[in-house]
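Enquirer: Any chance you can model this:
(one chain, ligands or ions: 1)
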Amino acid sequence: MYERERLELVDKLSEKGIADIFVLKAIGEVERHLFVPKAMKHHAYKDIALPIGYGQTISQPYTVAFMTQVLKLKPNVKVLEIGTGSGYQAAILYNMGADVYSIERQFEIYSATRKLFDQLGIRVNTKCGDGTIGWDEFAPYDGIIVTAGSPNIPPSLKKQLAIGGRLVIPVGNKDSQTLNIVRKTEEDEFEIQAVPEFSFVPLIGREGWNQK
Ligand code: SAH
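Expert: Numbering: from 1, shown residues only. As a prediction, the model looks like this:
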């Protein structure tokens, strides 16, 4: 279903500057309509964010593609995602062959998405909890992707990044963020590149925004 719409979305993202063929291939294969609420299915292949309930959103396809592209993933790498949400971003990473670990803090979203992964046969490791402190047990990660906006770069995530790995995280205030692309060059040494003008829901947790 929706094959033509998916290919049109791939064309649109490539026109907007997404050039990584593996990312484009994943966007062409992962069925985004399965990750949005039923009433939103007919909007699933528009390049827009959509509400998924509980005040959260599934990120815009361009944002998903851009963040995935900047991770520069090699085959069989380990990736940590903070903010599982609908599961679409995790499904893209899984489709590209990554070993994916994903954390969601809201239990209702976590359990609905866990169920969806099982139904679709998407083998992603999930956990319900505060992702600002990472997932130490499986560290280091070759890539870390934070899909909610943070006031800063959580130190735990920098620590859990492998040397040579990349962390992508929106940093700023609650309305607008710059996308920070952090590359760990050596233990405790980082190169940071910032891309302006993104807008995400807030990252809430010990090393993120306070609850209220
Ligand atoms: N990657 C998701 C985007 C979901 S929006 C997708 O593809 O649909 C961001 C998600 O981050 C929300 O579901 C929100 O509940 C979650 N979140 C916010 N703070 C978090 C934290 N500290 N740890 C884990 N998840 C968090």
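
Enquirer: so is residue 196 in a helix, a strand, or just coil?
Expert: strand (DSSP: H, G, I helix; E, B strand; the rest coil).

Enquirer: quick thing: my sequence starts at 56, can you match it?
Expert: Got it, the first residue is 56 from now on, which makes the last one we talked about residue 251.

Enquirer: Pretty sure it sits against residue 233.
Expert: Yes: Residue 251 is in contact with residue 233 according to Cβ atoms under 8 Å; the separation is 4.8 Å. C-beta here means a position set from N, CA and C on the backbone, and glycine is covered the same way.

Enquirer: Between the two, point out the one with more neighbours.
Expert: Neighbours around residue 251 and residue 233, counted as other Cβ atoms under 10 Å, are more numerous at residue 233. The numbers are 16 against 9.

Enquirer: Which residues are in contact with the nearest residue to residue 242 once chain neighbours are set aside?
Expert: Excluding its sequence neighbours, the residue lying closest to residue 242 (Cβ to Cβ, 6 or more residues apart in numbering) is residue 218, at 6.6 Å. Residues near residue 218 by Cβ atoms under 8 Å, 6 or more residues apart in numbering: 195, 239, 240, 241, 242.

Enquirer: and the closest residue to residue 131 other than its chain neighbours, what pLDDT?
Expert: Spatially, and ignoring its direct neighbours in sequence, residue 131 is nearest to residue 152 (6.2 Å; Cβ to Cβ, 6+ apart). If you check residue 152, the pLDDT there is 97.

Enquirer: residue ranges for the strands of this structure, please.
Expert: 105-108, 111-113, 133-137, 154-159, 180-183, 196-201, 216-227, 232-241, 244-253 (DSSP state E).

Enquirer: want to try a markdown table for these, with distance to the ligand as columns?
Expert: Below are the strands of the chain laid out as a markdown table (distance: least, Cβ to the nearest ligand atom, whole Å):
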| stretch | distance to the ligand |
| --- | --- |
| strand 105-108 | 6 |
| strand 111-113 | 4 |
| strand 133-137 | 5 |
| strand 154-159 | 5 |
| strand 180-183 | 8 |
| strand 196-201 | 8 |
| strand 216-227 | 10 |
| strand 232-241 | 12 |
| strand 244-253 | 12 |
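
Enquirer: Point out where the protein drops to low pLDDT.
Expert: The chain contains residues with pLDDT under 70 at 267.

Enquirer: The ligand contacts on that one?
Expert: 111-114, 137-138, 140-141, 143-144, 158-161, 164, 185-187, 202-203, 256, 258-260, 263 (Cβ under 6 Å from any ligand atom).
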